[in-house]
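J.: need coordinates for the following:
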Amino acid sequence: MGLSIHIALSLKPGYSPRGALDALRQRCMDLPFVQVDGALRELNANGDHETDEFSRMLCIHAGTVGEDTFTGEPPDEAEAVGFVAFPGNGCEPLLLGLAKARGSERWCWRTACKTQYANAPAHGGRVNFLRCHLSIIALLDAAPAIGLSVDVVDEGDYWLYRDVHRLDQKLTQYDAMIAGAIGALKDASVSVQAPLLSRPDFERLEADGNALFTQQIRELVRLTALDRIHKRHATHDAARCWSRRHGGGDVSP
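T.: Take a look at the predicted model:
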């Protein structure tokens, strides 16, 4: 949960997947990303990917190429190639690539990068956030010229409006909304771990969130409570079934 940029890439006809991605990787190096892979990484999804996080992520992304819906599993003999770029401290790594299912000629990719927590004072605050977010947008702007079609959903609205003030307002709203939600969940005895909790201004953000998003936060707490009840009942049902199957008595809730 947090302000993110959602990205879908597809290879244009007549372009090489590796050529297009390497050009995109080179473009990253021209922008103020703090770290970029030195070369493309390739994977056949049938290979060993259990012990390598990057390979595992490539396999997960390869699982999106066979269907329009996300499967989370690589299709047989899928190919995937990609690289990782780090926009800045506090920002999620950006995993970019292309994947192709067996028997298909369509190379495509779906990913997202959460930029919101680059806004933490310890990472440089809003200046760092804007550098990270705008660097990703600049990178995506360059993609069509090197053979990649791009579909972007920017929760900060900058992709559509190119308005830094609007992006800054969105960031303020997201900080308040998430801080308010975190505070409400903690008050409901839900264990929460989130980067915002370490911010010195968390209580102010929480108060702003409660004032701006009262109904949404109440609904979140209600749904969380229902989910906990359903999970508790499911656990009880499983225990009762196990007990009966093994000759025991009923299990009290």
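J.: can I assume P13 sits in a strand?
T.: No - P13 is assigned coil when assessed by DSSP: H, G, I helix; E, B strand; the rest coil, not a strand.
J.: against A184, how distant is it?
T.: 50 Å (C-beta to C-beta, to the nearest Å). The way it works is simple: take the backbone N, C-alpha and C, and place the C-beta from them, glycine included.
J.: more neighbours: the two, which one.
T.: When P13 and A184 are compared for neighbours, A184 comes out ahead with 22 against 6, by other C-beta atoms under 10 Å.
J.: hmm, the more buried one is touching L220, no?
T.: Yes - checked against C-beta atoms under 8 Å, the pair A184 and L220 is within contact range at 6.8 Å.
J.: output the below-cut-off pLDDT ranges for this protein.
T.: Per-residue confidence for the chain (pLDDT under 70) gives these ranges: 43-77, 228-253.
J.: switch to 50 and redo it
T.: Applying pLDDT under 50 to the chain flags the ranges 45, 50-51, 66-72, 236, 242-243, 246, 249-253.
J.: center of this protein - which residue?
T.: A112 (4.3 Å; C-alpha atoms, centre = their mean).
J.: now do the buried residues in stretch 84-101.
T.: Within stretch 84-101, the residues scored as buried using 16 or more other C-beta atoms under 10 Å are 84-88, 90-92, 94-101.
J.: the closest residue to G147 other than its chain neighbours - how many residues pack around it?
T.: Setting aside the residues directly before and after it, G147 is nearest to Y15 in space (C-beta to C-beta, 6 or more residues apart in numbering), at 3.1 Å. Applying other C-beta under 10 Å, we find 16 other residues in the vicinity of Y15.
J.: what about Y15, distance to W159?
T.: Shown here: Y15 relative to W159, a distance of 22 Å by C-beta to C-beta.
J.: continuing past the helix or strand R166 falls within, what's the next helix or strand?
T.: Assigning secondary structure by DSSP states H and E places R166 in helix 164-187. Scanning the chain past helix 164-187 towards its C-terminal end, the next helix or strand to appear is helix 202-212 (assignment: DSSP H and E).
J.: neighbouring contacts of that following helix?
T.: Under the criterion C-beta atoms under 8 Å, 6 or more residues apart in numbering, residues 173, 175-184, 196, 199, 217 lie in contact with helix 202-212.
J.: change it to 6 Å
T.: When contacts are taken as C-beta atoms under 6 Å, 6 or more residues apart in numbering, the neighbours of helix 202-212 outside the stretch itself are D175, A176, M177, A179, G180, G183, L196.
J.: drop anything exposed from those.
T.: For the contacts of helix 202-212, a burial check counting by 16+ other C-beta under 10 Å picks out D175, A176, M177, A179, G180, G183, L196.
J.: can I get those residues in JSON lines including distance to R126?
T.: Formatted as JSON lines, the entries for these read as follows, by distance: C-beta to C-beta, whole Å:
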{"residue": "D175", "distance to R126": "10"}
{"residue": "A176", "distance to R126": "14"}
{"residue": "M177", "distance to R126": "17"}
{"residue": "A179", "distance to R126": "16"}
{"residue": "G180", "distance to R126": "20"}
{"residue": "G183", "distance to R126": "22"}
{"residue": "L196", "distance to R126": "15"}
